[in-house]
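Participant: Provided below for reference: sequence and predicted model.
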Amino acid sequence: MTTGQKPGLRRLAATLLATAASAFAMGSAHAAYPDKPVRIVVGFSAGGTTDVIARIMAKELTESLGQSFVVENKPGAGSNIATDQVQRATPDGYTLLFVAVTSAINQTLYKNVTFDLTKDFAPVALGAKVPNILVVNPQVPVKSVQELVEYAKKNPGKLAFASSGSGTSIHMAGELFKMKAGIDVLHVPYKGSAPAMTDLIGGQVQFMFDNMPSAWPHAQSGKLRALAVTTSDRSKSAPDLPTMKESGFTDFDVSSWFGLLAPAGTPPEVINKLNAAMQQALDKASVQTSFEKLGAVGVKTTPAEFGQFIKSEVDGWAPVIKASGATVD
C-alpha cells in the first residue's frame, strides 16, 4: 500500500487481512482437531450397556485420532443431568455426549426437560443398536406372540409385565405392545432390570421386554421362554427367534440405541472428522466381535441420517408415553 492511499482504504485492507488470518487460524484449528483430550459424557453409571459401548468407541477414537477420548459418567435424572451439561458446553468438539434411546423418551416423559434433543445438539453418528426380547415365564401357556395376545384377551387384567423402571425404554416397549395388541395388562416397574428379571423368573409377573444381553441367557437356560425380538431383523445371537414384525406387528421396531452427539454449533469439520472415525471403527472385526458379545449391532450413518433418526425416535415415542400416562417431574 502506498502512502498516498486514503486512511479508509488502509483500514479496509487491515480488516480484510485480519479476517483472513482469523479464518485461516480457525481452519487450521479444525484441521488439527483434536489437539487435546476429549470428554465423552455418559448419563449412566459405569458397567451398563451405554457405558460399555461408549468405552469401546472411545478406545477406537483414541487410536484413530491420536488424542485421548475419556468417558466420564454423570448419572442422574434418567441421563438428563449429563445431557443438560453437554448442551451447555463450548461447541468445540472437546465435550461430547454418548446418547441412548432414553434421551429421546425423556423429551416427552419429563415435564420440565431443559433441552431439545433435535435442536440443541449436532448429531455425529449412530453407533449401535441392541434388540429387546419379549420373554415370558414358562408357566404362562403360550409359545408365540399371537398366543400371548389371545391369552391376555381371554384373561383381561390378570397378566402383568415388568420393566426396569417407569419411563424406561423397556417400559415403553411394553406399553407399545399393550397399545398395538389392544390388551389389558398391568405394568409393574422395578428399580432396575435385575430385580424385574428375578420376579419374572419367580412368576410374580408374567412377561417382559428386556435387553438381549440380560434376557437371552435366561431363555437359553430354560428359566424363561423367548417369543420374539423387537428389531425389524432377526438377531445373529438368536437367529431362530422371530421378530415382532413376523409375529403380526408390522411396524413394531424397537431397540436400545446408542450414538454420539456434540453441542449445537460445533464446526462441521469436527463433526465430519468424528463421524469418519466412528465409521472406520464400526468396520473393524474387533469392534464387531465386542458388539456381538453384547447382542449389539453396529449401525453406520451420516450426521444428517442420525439427526433424522433422532427426530423419528422423539416423535415416535411421544404418543406411546402420553397413552401410558407415564410422567416424571
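Facilitator: Right, received. Where do you want to start? Since this is a predicted model, take the numbers as computed values, not measurements.
Participant: where along the stretch 101-250 of the chain do the strands fall?
Facilitator: Ranges of strands in the stretch 101-250 of the chain, per DSSP state E, counting those that start in this stretch, are 121-136, 160-163, 186-189, 207-211, 225-229.
Participant: Which residue lies nearest the spatial centre of the chain?
Facilitator: Nearest to the mean C-alpha position of the chain, counting by CA atoms, centre = their mean, stands Ala100 at 2.3 Å.
Participant: that older thread, out of the strands of the stretch 101-250 of the chain, nearest to Leu282?
Facilitator: Leu282 lies closest to strand 121-136 among the strands of the stretch 101-250 of the chain, at 7.2 Å (CB to CB). Just so you know, the C-beta spots here come from the backbone N, C-alpha and C atoms, and that holds for glycine as well.
Participant: So in that sheet, which strands flank that closest one, and in what orientation?
Facilitator: Each strand that pairs with strand 121-136, with its direction, by DSSP bridges: strand 207-211 (antiparallel), strand 225-229 (antiparallel), strand 255-263 (antiparallel), strand 297-298 (antiparallel).
Participant: Could you list the single helix or strand in the chain with the lowest mean pLDDT?
Facilitator: Ranked by mean pLDDT, DSSP states H and E, the helix or strand of the chain with the weakest confidence is helix 7-32, at a mean of 55.
Participant: residues touching Asp92, list them.
Facilitator: Thr266, Pro267, Val270 (CB atoms under 8 Å, 6 or more residues apart in numbering).
Participant: can you list those residues in TSV and add distance to Lys74, neighbour count and secondary structure?
Facilitator: Converted to TSV, these look like this (distance: CB to CB, whole Å; neighbours: other CB atoms under 10 Å; DSSP: H, G, I helix; E, B strand; the rest coil):
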residue	distance to Lys74	neighbour count	secondary structure
Thr266	19	22	coil
Pro267	24	18	coil
Val270	22	23	helix
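Participant: possible to save these as JSON lines with pLDDT?
Facilitator: Output for the contacts of Asp92, formatted as JSON lines (pLDDT from 0 to 100):
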{"residue": "Thr266", "pLDDT": "98"}
{"residue": "Pro267", "pLDDT": "98"}
{"residue": "Val270", "pLDDT": "98"}
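Participant: Nearest to Leu186 among these?
Facilitator: Out of the contacts of Asp92, the member with the shortest distance to Leu186 (by CB to CB) is Thr266, at 44.6 Å.
Participant: which stretches of the stretch 1-150 of the chain form helices?
Facilitator: Secondary structure of the stretch 1-150 of the chain (DSSP state H, counting those that start in this stretch): helices located at 7-32, 49-65, 80-87, 101-109, 145-154.
Participant: what does the third one contact?
Facilitator: Which is helix 80-87. Residues from elsewhere that reach helix 80-87, judged by CB under 8 Å, 6+ apart: 41-43, 74-76, 95-97, 99, 103, 106, 110, 113-115, 117, 120-121, 261-264.
Participant: Go again with 6 Å.
Facilitator: Here helix 80-87 makes contact (CB atoms under 6 Å, 6 or more residues apart in numbering) with Val41, Gly43, Lys74, Thr95, Leu97, Ser103, Asn106, Thr114, Phe115, Asp120, Pro263.
Participant: Identify the farthest-apart pair in these.
Facilitator: Spatially, the most separated pair among the contacts of helix 80-87 is Thr95 and Asn106, at 19.5 Å (CB to CB).
Participant: Of the two, give the one with the bigger neighbour count.
Facilitator: Between Thr95 and Asn106, counted using other CB atoms under 10 Å, Asn106 has the larger neighbour count: 24 against 20.
Participant: residues in contact with the more buried one?
Facilitator: Applying CB under 6 Å, 6+ apart, one finds that Asn106 lies in contact with Gly78, Asn80.
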